[in-house]
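Q: got a structure for you, letters missing:
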């Protein structure tokens, strides 16, 4: 086992489904398989959901298949979700786990949707640099390897707001300009602003992440584990 830094280049170690499943089980969420060969998790109050959808391969973000979809409802019996967030494979599972713990801890997970400017304010407080040409919608981490931007939502992304041409936050890791993305995440029009900024900064954490040799990348720094 090795320690990898920075986290946003560490990958998911090939165990994104298992680690997040363990996190949700530990939070008391129920799980059952679906007819689409996905794994659906639901919080005890029925207001929060997470679904491992990689096997169904519903769509891609930045050329990468979406692996997890998170959602929240106003009422447990509601068929329509208030907001959704999507994560491709390769995203550090620590960042996704942090987001799920934060969602689980909220008394009302569908409340507090607005305030786009607060997202960049929160990231700026963590050292992120606003784009010169798009300072109100785009920022890059200090290492210039990951970015976040408020963009038009792509097809297939929808929630309880039926209006067309809605905006949502997208984040990605691209350590080499023009190279394939390492991972990408997209937050629909709804997610709580505090929860948007959280996983973005968590993915960019300078904390060491334990990984097996198969997850090494040429852009990450690895250090043998010490005891």
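A: Now that the structure is in, tell me what you want to look at. As the structure is a prediction and not an experimental result, all values here were calculated from the model.
Q: what about the longest helix in the protein?
A: helix 93-105 (DSSP state H).
Q: show me what that helix is packed up against.
A: helix 16-26, strand 48-52, strand 64-72, helix 193-203 (3 or more C-beta pairs under 8 Å, 6 or more residues apart in numbering; DSSP states H and E). To be clear about C-beta, it is placed using only N, CA and C from the backbone, and glycine gets the same treatment.
Q: quick check: angle from that helix to strand 48-52?
A: Computed with axes from the mean of the first three to the mean of the last three C-alpha atoms, to 10 degrees, the direction of helix 93-105 lies at 150 degrees from that of strand 48-52.
Q: tilt between helix 93-105 and strand 64-72?
A: Using the same axes, to 10 degrees: helix 93-105 against strand 64-72 is 20 degrees.
Q: distance between helix 93-105 and the chain's centre?
A: Distance, stretch centre to chain centre, for helix 93-105: 9 Å (C-alpha atoms, centre = their mean, to the nearest Å).
Q: residue 25 and residue 39, how far apart?
A: 11 Å (C-beta to C-beta, to the nearest Å).
Q: what does residue 76 give?
A: Taken as C-beta to C-beta, the span from residue 76 to residue 39 is 19 Å.
Q: okay, those two: which has more neighbours?
A: More crowded of residue 76 and residue 39, by other C-beta atoms under 10 Å: residue 39, with 19 against 12.
Q: check contacts around the nearest residue to that one once chain neighbours are set aside.
A: Nearest non-adjacent residue to residue 39, counting by C-beta to C-beta, 6 or more residues apart in numbering: residue 52, 4.2 Å away. Counting by C-beta atoms under 8 Å, 6 or more residues apart in numbering, residue 52 makes contact with 17, 20, 21, 38, 39, 41, 67, 68.
Q: contacts only, for the first one.
A: Going by C-beta under 8 Å, 6+ apart, residue 17 touches 39, 52, 54, 67.
Q: from memory residue 30 sits against residue 39, does it?
A: No: the pair residue 30 / residue 39 is not scored as a contact, 11.0 Å apart, by C-beta atoms under 8 Å.
Q: now the end-to-end length of stretch 21-38.
A: 12 Å (C-alpha to C-alpha, to the nearest Å).
Q: next one: it to chain centre, how far?
A: For stretch 21-38, the distance to the chain centre is 17 Å (C-alpha atoms, centre = their mean).
Q: quick one: contacts of it?
A: For stretch 21-38, the external contacting residues (C-beta under 8 Å, 6+ apart) are 39-44, 48, 50-53, 55-56, 97, 100-101, 104.
Q: filter the residues you listed down to just the buried residues.
A: 39-43, 48, 50-53, 97, 100, 104 (16 or more other C-beta atoms under 10 Å).
Q: would JSON lines of the residues you listed with pLDDT and distance to residue 121 be doable?
A: Formatted as JSON lines, the buried ones among the contacts of stretch 21-38 follow (pLDDT from 0 to 100; distance: C-beta to C-beta, whole Å):
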{"residue": "39", "pLDDT": "95", "distance to residue 121": "35"}
{"residue": "40", "pLDDT": "96", "distance to residue 121": "34"}
{"residue": "41", "pLDDT": "97", "distance to residue 121": "31"}
{"residue": "42", "pLDDT": "95", "distance to residue 121": "33"}
{"residue": "43", "pLDDT": "94", "distance to residue 121": "29"}
{"residue": "48", "pLDDT": "91", "distance to residue 121": "26"}
{"residue": "50", "pLDDT": "95", "distance to residue 121": "27"}
{"residue": "51", "pLDDT": "95", "distance to residue 121": "31"}
{"residue": "52", "pLDDT": "94", "distance to residue 121": "32"}
{"residue": "53", "pLDDT": "93", "distance to residue 121": "32"}
{"residue": "97", "pLDDT": "87", "distance to residue 121": "24"}
{"residue": "100", "pLDDT": "88", "distance to residue 121": "23"}
{"residue": "104", "pLDDT": "87", "distance to residue 121": "25"}
